[in-house]
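Chemist: pasting the sequence and the predicted model now:
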Amino acid sequence: MERIVIARKLRGQIQDFLGIFSPHFSKPQMKCIEQIIYGIQAAKDVKLSSITRALGEETALKKTSERLSRNLGTPGMGEKINEILARHAGQRVREDTLILIDPSDIRKDYAKKMPYLGYVRDGDTGEIVSGYWICNAVACEPRSRRIIPLHQRLWSAEAPDFESENKQILQIVDTIRKGTKGRGIYVLDRGGDREKLIIPFLERGMRFIIRLKGDRKLIFRGKARAAIEIAAGCPMVYADTIVKEEGGGEKTYCIQYGYRPVRMRGCDEQLYLMVVKGYGSEPIMLLTSVPVRKNRNVLWSIVNGYFTRWLIEESVRFIKQSYSLEDIRMLKYERLKNMVALVMASVYFTAVWLGASLKHAVLTVRVTKIAKRFFGIPEFHYYALADGISVLLTYLGRWVRRVQVKLPMQRNGQLLLFDPI
């Protein structure tokens, strides 16, 4: 009985969450969005066949699938969903919140008939394979492992409207900046080491931390020099230790770090080259527009900001594994793009929307299944949350649009699971 009560209240939370989208779509489109987000959560899958079964409608599965597929092809649906997420999540982004951006891939080895299938570099193996590019953006506070999903976009270099990866990333950044009102510090790995990104970032007045390749030319003391050359003579003024989870364990690194004031060629903006030694055989070189001075806390905030980037790798892994994203199967390009955005909306519900009391309840209900995990509930606990939500929604048996569950309200308008004490 307790499980069914919690499950119904969880479904009520989903209905409340879906309210942020309803003013922006027609009724048929909104019904499609509601059912797909519910189905993704219940089935932990992006295949329409699995979503349709999870809904448990009395109509024929084929009819439900065709209706969802038809509405999922609405042009611009995914872009609008990403805009709404960025605006809603942007309220939680502060001036020094880190915004982690990571281009990734969806590997599709056997999907010969999927639209505009191109070639991508598999992020795990380094192989060139058939698939699509995706880009994820999440926010988090320094020294935190809690993510705020902001954006997820799919594209193909073979699509007729494709211009460049740089333009795709800049469009993502502009959507996020509009939602956050320009707040946040953007963090990118070496894939962001391009003048066609860095210069537009400077033109937009963005604060950023970008890892550089060694051959990137910077102006130092009036001369153009390679970043690796500048790093070689950089004084290491501070030292610290960092711990990274590797291969199921932890590894400690003793690092040293310092900085040099630099500029980009053809730009007047003052930038800084942060140099980190002790993590790998080559120094890590970080270009930042965040003002830097000789102060341990200031310098460490830049170093820590970059190392927090590991969190987005775990976030991408969570999305792919928990919602079977790489098993996506669509024969229309617009549906692919829209489905990827709906997956991110589902992640936002799991990671942000649920109140702390409901998260605790979901995890409690999931004790029996969690016991099968070799290491219990992982520190990155969203895996367990996704499992728990799926079990509870499956327990309900079917999707119902209107749920008569009256819950007390917080001052901010979000539903509470339990009465205040």
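Modeler: That came in fine, so what should we check first? Numbering: from 1, shown residues only.
Chemist: and the helices in this structure?
Modeler: 2-18, 27-43, 48-55, 61-72, 77-90, 165-180, 195-203, 227-232, 296-307, 310-322, 333-348, 356-365, 367-370, 382-396 (DSSP state H).
Chemist: mind putting the ones you listed in JSON lines, mean pLDDT and distance to P142 included?
Modeler: (Each C-beta comes from the backbone N, C-alpha and C, glycine too.) Shown next, in JSON lines, are those (pLDDT from 0 to 100; distance: least, Cβ to Cβ, whole Å):
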{"stretch": "helix 2-18", "mean pLDDT": "83", "distance to P142": "27"}
{"stretch": "helix 27-43", "mean pLDDT": "94", "distance to P142": "30"}
{"stretch": "helix 48-55", "mean pLDDT": "93", "distance to P142": "37"}
{"stretch": "helix 61-72", "mean pLDDT": "94", "distance to P142": "38"}
{"stretch": "helix 77-90", "mean pLDDT": "96", "distance to P142": "17"}
{"stretch": "helix 165-180", "mean pLDDT": "97", "distance to P142": "16"}
{"stretch": "helix 195-203", "mean pLDDT": "96", "distance to P142": "20"}
{"stretch": "helix 227-232", "mean pLDDT": "96", "distance to P142": "24"}
{"stretch": "helix 296-307", "mean pLDDT": "91", "distance to P142": "6"}
{"stretch": "helix 310-322", "mean pLDDT": "85", "distance to P142": "11"}
{"stretch": "helix 333-348", "mean pLDDT": "96", "distance to P142": "21"}
{"stretch": "helix 356-365", "mean pLDDT": "66", "distance to P142": "21"}
{"stretch": "helix 367-370", "mean pLDDT": "41", "distance to P142": "29"}
{"stretch": "helix 382-396", "mean pLDDT": "83", "distance to P142": "19"}
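Chemist: which residues touch F220?
Modeler: Residues in contact with F220 (Cβ atoms under 8 Å, 6 or more residues apart in numbering) are I230, R260, P261, V262, L273.
Chemist: sort out which of the residues you listed are in strands and list them.
Modeler: R260, P261, V262, L273 (DSSP state E).
Chemist: so the second one touches M274, yeah?
Modeler: No: P261 is beyond contact range of M274, at 11.0 Å (criterion: Cβ atoms under 8 Å).
Chemist: give me the more crowded residue out of those two.
Modeler: Using other Cβ atoms under 10 Å as the criterion, P261 and M274 rank with M274 on top: 26 against 12.
Chemist: which non-adjacent residue is nearest that one?
Modeler: Spatial nearest neighbour of M274, chain neighbours left out: L286 (4.0 Å); criterion: Cβ to Cβ, 6 or more residues apart in numbering.
Chemist: quickly list what the one you found is bridged to.
Modeler: Assessed by DSSP bridges, L286 has beta-bridge partners R211, M274.
Chemist: pairing partners for the residue lying closest to L311 once chain neighbours are set aside in the sheet, please.
Modeler: Distances taken as Cβ to Cβ, 6+ apart put C140 closest to L311, at 5.9 Å, once the chain neighbours are dropped. Legend: beta-bridge partners of C140 under DSSP bridges are L98.
Chemist: what pLDDT does C140 get?
Modeler: Among the per-residue scores, C140 holds a pLDDT of 92.
Chemist: repeat for the one 5 residues further on
Modeler: R145 carries a pLDDT value of 76.
Chemist: domains of the protein?
Modeler: 1-72+354-421, 78-214+225-315 (automatic domain parsing).
Chemist: just the CA trace of stretch 34-41, in CSV.
Modeler: C-alpha atoms of stretch 34-41 as CSV (Å, rounded to 0.1, in the frame of the first residue of the first chain):
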residue,chain,number,x,y,z
GLU,A,34,3.6,14.2,-21.5
GLN,A,35,3.3,10.6,-22.6
ILE,A,36,6.9,10.3,-24.0
ILE,A,37,8.4,11.8,-20.8
TYR,A,38,6.3,9.5,-18.7
GLY,A,39,7.2,6.5,-20.9
ILE,A,40,10.9,7.3,-20.9
GLN,A,41,10.8,7.4,-17.1
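Chemist: low-confidence ranges in the stretch 101-250 of the chain?
Modeler: 245-248 (pLDDT under 70).
Chemist: farthest-separated two in the ones in strands among the contacts of F220?
Modeler: P261 and L273 (7.9 Å; Cβ to Cβ).
Chemist: that older thread, now the common contact residues for P261 and M274.
Modeler: With Cβ under 8 Å, 6+ apart, P261 and M274 have common neighbours V292.
Chemist: hang on, isn't Y323 packed against V46?
Modeler: Yes: the criterion here is Cβ under 8 Å, and Y323 meets it with V46 at 5.9 Å.
Chemist: now list whatever residues contact both of these two.
Modeler: I40, V343.
Chemist: how about the domains of the chain in CSV, adding distance to V347?
Modeler: Listed next are those as CSV, based on distance: least, Cβ to Cβ, whole Å:
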stretch, distance to V347
domain 1-72+354-421, 8
domain 78-214+225-315, 5
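Chemist: and of the ones you listed, who's closest to Y348?
Modeler: It's domain 78-214+225-315; of the domains of the chain, that one is closest to Y348 (Cβ to Cβ) at 4.4 Å.
Chemist: so how far is that closest one off the chain centroid?
Modeler: Distance of domain 78-214+225-315 from the chain centroid (Cα atoms, centre = their mean, to the nearest Å) equals 12 Å.
Chemist: ends of it, what's the gap?
Modeler: With Cα to Cα, to the nearest Å as the measure, domain 78-214+225-315 spans 20 Å from end to end.
Chemist: and if you look at stretch 150-165?
Modeler: 19 Å.
Chemist: now what about that stretch, what contacts it?
Modeler: 78, 82, 85-86, 89-90, 99, 103, 106, 115-119, 132-139, 168, 171-172, 175-176, 179, 196, 319, 333, 336-337, 340-341, 343-344, 347.
Chemist: quick one: which of the contacts of F220 is nearest R67?
Modeler: For those, the minimum distance to R67 (Cβ to Cβ) is 55.0 Å, reached by L273.
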